[in-house]
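Chemist: Quick one, what's the 3D model for this:
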Amino acid sequence: MKTNAYPGFGILLVDDEPAWLSSFSLTLKSCAGINNLHTCQDSRQVMALLAKGDIGLVLLDLTMPHMSGEALLAEIREQHPEIMTIIISGMNQLETAVSCMRLGAFDYFVKTDEEDRLVGGVLRAIRVQELQHEFRTMSDRLLSRDLQHPEAFIDIVTSDRGMHDIFTYVEAVAPSHQPLLITGESGVGKELFARAVHKLSGCSGPLVAVNVAGLDDTVFADTLFGHVRGAYTGADQMRPGMIEQAVDGTLFLDEIGDLSISSQVKLLRLLQEGEYFPLGSDRPKRIKARIVVATHCDLAAKEAAGTFRRDLYYRLKIHHIQIPALRERTGDIPLLLDYFLGEAARSLGKRKPTPPKELAQILATYSFPGNVRELRGMVHNAVSLHKERILSMETFLKAIGAGKTAPAPMPRSQNPFTTFERLPTFVEAAELLVEEAISRANGGQAIAARLLGISPPALNKRLKLARK
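Modeler: From the prediction side, this is the model:
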């Protein structure tokens, strides 16, 4: 297979006219970047070429000597049902077209059709074939749950089963040419997943990351598409956009949910047509990069509210991963704590401190609105102030609001007793509250006492009274 070949499978052009084979091959290369092409002038050689196993799409003429295209179509359908076939005939005959479609042709075109229509038909067939291949690959990977390249996820610290299921999915869809949408709260590690996708994609080019939050429509277009000299006042020289910098690589657009409607239209056209216009230019360029986008927004809600285009939303979520918040995988906190302690110690030139055994349990009771990024910041701050062998919990307790002071009173609207027909007694309420705190602290009395805003001796006294 050719280096940087597109698509990933071969396309075989079959026609007894060498001039048409040469002309249409050039059209596909120049207009759509399709370069994984093979040609055949003798219909009798087609089945032998298909037997080699690297062809996924056949463009077939109908009127040829030795073996007609219609007969060859039936044979391909019987022996290689996984291969798609498009008929491109010199004759515009409705009856023949219907017959070919019944025999299993994906589409039927006439050679005199407009160039854009022919190329568009080939691109549609490529997309369908890619999606079918991705579906088969995904099914196999998800069923086996085995990672073929675990090293791609080395920067993502986790032992969570749900996260490993996401790894499996990412590995399955990474080679796809379709967009990938990554969603999740701020700080969960969306860019780390984008980097893993890039590593697994097989792309030879770079990963180019762009945060599009706050970019108005003009700046967005200039950043992505670039401009030619004289495109606007001050544009005294040509500047390539990020798409061009990401050739044969991955373009990662972060915070995509903040795009204006006009910018969304430009992105949709880029994804649908596979081409773009640098500012000030009337000559389109083909995109040669994989698109990965990310957002912390609920795109489904924005689409329902009319602030995010529906067609773009469904175009982006062909492949979609939702990264869980840290509070949904608290089992990862001890691993992340240890990892960040080592990272912080190395960056600060200190010995890695030993955390108190109850620290991970206390952190597990916190909701972490900033997720992994927030935990990393807490650890780096604590290590920078660290002087003893055992790491102090003081900075953590201040950060999560569980220091020496009692928790803030619960708002009246959230009073859990408002729905009770019979109010519990003080003794009953205290017992239930202590029981819940002990449960959340996994049996740790010191942690439970902090959650309740009382001292450990006071909690111990209540427990002794409850046992009597």
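Chemist: from what I can see residue 319 touches residue 180, true?
Modeler: Yes. With contact defined as CB atoms under 8 Å, residue 319 reaches residue 180; the gap is 4.5 Å. In short, each C-beta sits where N, CA and C put it, glycine included.
Chemist: Now do the shared contacts for the two.
Modeler: residue 173 (CB atoms under 8 Å, 6 or more residues apart in numbering).
Chemist: Of these two, which one has the most company?
Modeler: residue 180 (25 against 21; other CB atoms under 10 Å).
Chemist: list the contacts for the nearest residue to residue 442 once chain neighbours are set aside?
Modeler: Distances taken as CB to CB, 6 or more residues apart in numbering place residue 361 nearest to residue 442, at 5.9 Å, with adjacent residues excluded. For residue 361, the contacting residues are 441-442, 444, 447, by CB under 8 Å, 6+ apart.
Chemist: ok but residue 361 is inside a strand, no?
Modeler: No. Applying DSSP: H, G, I helix; E, B strand; the rest coil, one finds residue 361 to be helix, outside a strand.
Chemist: circling back to that earlier point, most neighbours, which of the contacts of residue 361?
Modeler: residue 447 (23 neighbours).
Chemist: which SS class is residue 25?
Modeler: Once three-state DSSP is applied, residue 25 turns out helix.
Chemist: er, residue 39 actually
Modeler: Applying three-state DSSP: residue 39 is strand.
Chemist: ok, which stretches of the stretch 201-350 of the chain are strands?
Modeler: In the stretch 201-350 of the chain, the strands defined using DSSP state E, counting those that start in this stretch lie at 207-211, 226-227, 239-240, 250-254, 275-276, 285-286, 290-295, 319-322.
Chemist: average model confidence for the third one?
Modeler: Right, the one you point to is strand 239-240. What strand 239-240 shows for mean pLDDT is 92.
Chemist: Just give the strands next to that strand in its sheet, each with its orientation.
Modeler: strand 226-227 (antiparallel) (DSSP bridges).
Chemist: same thing with the first one?
Modeler: If you go by DSSP bridges, strand 207-211 pairs up with strand 250-254 (parallel).
Chemist: ditto for the longest one
Modeler: Paired with strand 290-295 in the same sheet, following DSSP bridges, are strand 180-183 (parallel), strand 250-254 (parallel).
Chemist: okay, the ones you listed in TSV with mean pLDDT next?
Modeler: Below are the strands paired with strand 290-295 laid out as TSV (pLDDT from 0 to 100):
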stretch	mean pLDDT
strand 180-183	97
strand 250-254	97
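Chemist: sorry, back to before: any chance of the contacts of residue 361 in a markdown table, plus distance to residue 7 and pLDDT?
Modeler: Formatted as a markdown table, those follow (distance: CB to CB, whole Å; pLDDT from 0 to 100):
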| residue | distance to residue 7 | pLDDT |
| --- | --- | --- |
| 441 | 55 | 75 |
| 442 | 52 | 73 |
| 444 | 57 | 76 |
| 447 | 56 | 76 |
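Chemist: Great, nothing more from me.
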